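Participant: For reference, the sequence and a predicted model appear below.
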Amino acid sequence: MTTEPTTANEQLEALLERAMTRLETERAAALELAAAATAAKEAGNRRVSIAALLLTMMLSFLGFVRANEDGAIARDKVVALQSNNDASTEWTLYQTKIAQRSSYHEAQDALAREALTIPAADPRRRLGRFHHREYELKVRQLDDENRQVFYVIQELRRREYRASKDAEHHARRTTRYDMAIRTLTLALVLISVTLLVTRKYLFWFGLFVASIGAFLGVTGYFLR
């Protein structure tokens, strides 16, 4: 059983002691709150730093991949243009050989008509048959050459078509990568802003936007 203080000094000392105890308790609670707030802020800063680092790495990777796609587009366009020019040159050669073939046929017809007016014993008929066989040989040679030229033209056109399609495919990938880069940049800005305004919902919203950007980047890689 406690005894009540009987003098004014004892009462004052008891009041001071209780006040000091209350102040110490409040100060300890305040320190605990401050420590908890500091720890939460540090944890939040670590999350933001890690997320920002990952987003920066993803942006660097996408930038590298996009640069490769730009190089592939340039190469495909060069191949398509070169194939088109080569095909045009080969087509001109094909047309020239067709014209030569026609001239040989006309010469054969003219020679045949002329042979009908020459007597059978005339030596010119023998010379005419020689020229006729020579013209036939020339026509067969031109046909063989034109067949090869036609195959070359077909192959060049196929190469041009494939290169054009590859360029379109890489262009679609580049568009998807651009969308991913813009989305990830927005996510990086949102996450970085949380360091200034300490709003957790911005951090989580930034992560959501970052997941969209990552999805766009992955689908761009597998785009066909």
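Facilitator: Great, that's in hand. Numbers count the residues shown, from 1 in each chain.
Participant: which is the next helix or strand following the lengthiest helix in the chain?
Facilitator: When the chain is parsed with DSSP state H, its longest helix is helix 8-116. Per DSSP states H and E, the first helix or strand lying C-terminal to helix 8-116 is helix 123-197.
Participant: tell me the angle that following helix makes with helix 8-116.
Facilitator: For helix 123-197 against helix 8-116, the angle by axes from the mean of the first three to the mean of the last three CA atoms, to 10 degrees is 170 degrees.
Participant: What is helix 123-197 packed up against?
Facilitator: If you count contacts as 3 or more CB pairs under 8 Å, 6 or more residues apart in numbering; DSSP states H and E, helix 123-197 packs onto helix 8-116, helix 200-221. Yep, even glycine has a C-beta here, placed from its N, CA and C like the rest.
Participant: Deepest-packed of those, please.
Facilitator: helix 200-221 (a mean of 16; mean count of other CB atoms under 10 Å).
Participant: Just give me the neighbour total for residue 170.
Facilitator: Other residues near residue 170 come to 21 when the count uses other CB atoms under 10 Å.
Participant: list the contacts for it?
Facilitator: When contacts are counted by CB atoms under 8 Å, 6 or more residues apart in numbering, residue 170 touches 69, 72-73, 76.
Participant: can these go into a markdown table with extra columns for distance to residue 218?
Facilitator: Below are the contacts of residue 170 laid out as a markdown table (distance: CB to CB, whole Å):
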| residue | distance to residue 218 |
| --- | --- |
| 69 | 15 |
| 72 | 19 |
| 73 | 21 |
| 76 | 23 |
